[in-house]
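# Can you look at this prediction? I've put the sequence above it.
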Amino acid sequence: MITKTQFKAGAVQFDIKNGDVRGNLSVALGHLGHLADQGACLGVCPEFFLTGFDNENMGRLMPAVKESLQSLTEFARTRSMAVAGSLPEQKGGQIFNTLYFIDRDGEIRARYRKLHLFPLTGEDLHYARGDEMVTADTSLGRVGIMICYDLRFPELARRLFLDGARLFVLSAQWPLARVAHWQALIRARAIENQAWFVCSNRAGTDPDRLVFPGSSMIVDPNGSVLVMGDDKPGIIMADIDMDLVDLVRQTIPVGQDRRGDIYG
């Protein structure tokens, strides 16, 4: 597998319609297609971007989700663009909030089941917790994977850093009320771990009138925000140079200087 060190990456944001798997897929593929048309090699979608948090009906939506996942892998293969995003995954009678990383050849390189379920919206009452961290070797380098609430746990990002992650992808449905936290935490995680962050967030309003601000972000290993979306549906895109990771880590060698003998 040839690894690209310079490429365009993007994030998609739109208003997800609860339970409308095929409609959401059509919207997502339209935005991903626009990224591919502009030469992007990676497109990141929001959390539960095919279903929304249609909690009570998630079981009956699973056949359509599985069919749509096949459509996404075919898109990735035909357009030679990696696609990442969170979908419900049913296994052993449980449903997980799982981020799939589909590489540019259409192969699923990683499945990450969300470790931290958000209690304020009752996510923990409807879904099962994952039990392992995930990094993946991809055509775009070693990728660390996180979903929404995970962003508040620096321990997870640091463990992914220690496992060699150089680029992080993150899918979210992060509300407008805490958008300042979203922006600050992404920059903090990028600075701490000297890695690229490509983060997709929902835009729009859910049936409970919870407002989502978009504000998808691409942040470099210095913590500089290269691009941030507004509150409207659409795409953002930026040029990624993976060599910048090495430069930043050599300049301020936190990986070398950290005291793992003291604090693990």
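Here it is on my side, so go on. It should be emphasised that the depicted structure is a prediction, and the values quoted were computed from it without experimental measurement. Numbers count the residues shown, from 1 in each chain.
# what about Ala110, how many residues close to it?
Neighbours of Ala110 under the rule other C-beta atoms under 10 Å: 20. Where you see a C-beta, it was placed from the backbone N, CA and C, and this is true even at glycine.
# which residues sit in contact with the nearest residue to it once chain neighbours are set aside?
Spatial nearest neighbour of Ala110, excluding adjacent residues (C-beta to C-beta, 6 or more residues apart in numbering): Ala136 at 3.7 Å. Neighbouring residues of Ala136 by C-beta atoms under 8 Å, 6 or more residues apart in numbering: 101, 109-110, 142-143, 145.
# what's the distance between Ala136 and Gly52?
26 Å (C-beta to C-beta, to the nearest Å).
# Next SSE downstream of the helix or strand hosting the residue nearest to Ala110?
Assigned by DSSP states H and E, Ala136 belongs to strand 135-138. Per DSSP H and E, strand 135-138 leads on to strand 141-147 as the next helix or strand towards the C-terminus.
# what's next to the helix or strand following that following strand, contact-wise?
Using DSSP H and E, the next helix or strand after strand 141-147 towards the C-terminus is helix 154-162. Contacts to helix 154-162, defined as C-beta under 8 Å, 6+ apart, come from residues 115-116, 133, 135, 144-146, 150-151, 168, 188-189, 192-195, 255.
# Please check those and keep the buried ones.
Buried by 16 or more other C-beta atoms under 10 Å: 115-116, 133, 135, 144-146, 150-151, 168, 189, 193-195, out of those.
# what is the mean pLDDT for stretch 121-128?
Confidence for stretch 121-128, expressed as mean pLDDT, is 96.
# Likewise for stretch 252-263?
96.
# hmm, who's touching it?
Against stretch 252-263 from outside (C-beta under 8 Å, 6+ apart): 161-162, 192, 194, 249.
# got those residues as JSON lines, with distance to Gly92 columns?
Listed next are the contacts of stretch 252-263 as JSON lines, based on distance: C-beta to C-beta, whole Å:
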{"residue": "Phe161", "distance to Gly92": "31"}
{"residue": "Leu162", "distance to Gly92": "30"}
{"residue": "Glu192", "distance to Gly92": "35"}
{"residue": "Gln194", "distance to Gly92": "38"}
{"residue": "Arg249", "distance to Gly92": "40"}
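# Let me know the secondary structure of the residue most central in space within the chain.
Closest residue to the average C-alpha location of the chain: Leu170 at 2.5 Å, with C-alpha atoms, centre = their mean. Using DSSP: H, G, I helix; E, B strand; the rest coil, the secondary structure recorded for Leu170 is strand.
# ok now do it, which residues does it touch?
Leu170 makes contacts with 44, 145-148, 150-151, 186, 197-200, as judged by C-beta under 8 Å, 6+ apart.
# Looking at the contacts of stretch 252-263, which is nearest Ser224?
Of all the contacts of stretch 252-263, Gln194 has the smallest distance to Ser224: 12.2 Å, by C-beta to C-beta.
# Now that we're looking at the closest one, what pLDDT does it have?
Gln194 is given a pLDDT of 98.
# cool, and Asp208?
Predicted confidence (pLDDT) for Asp208: 81.
# Would you state the helices of the stretch 51-200 of the chain in chain order?
58-79, 123-126, 154-162, 179-193 (DSSP state H, counting those that start in this stretch).
# Could you list the low-pLDDT ranges of the protein?
Within the chain, no stretch has pLDDT under 70.
# please redo it, this time with the cut-off set to 80
Where the chain drops to pLDDT under 80, the residues are 1.
# quick one on the thing from earlier: TSV please, covering the helices of the stretch 51-200 of the chain and showing distance to Gly23.
Below are the helices of the stretch 51-200 of the chain laid out as TSV (distance: least, C-beta to C-beta, whole Å):
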stretch	distance to Gly23
helix 58-79	10
helix 123-126	22
helix 154-162	33
helix 179-193	26
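# Quick one: residues contacting the closest residue to Leu210 other than its chain neighbours.
Distance criterion C-beta to C-beta, 6+ apart; nearest residue to Leu210, sequence neighbours excluded, is Pro175 at 5.5 Å. By C-beta under 8 Å, 6+ apart, Pro175 lies in contact with 210-213.
# Thanks again, I'm all set now.
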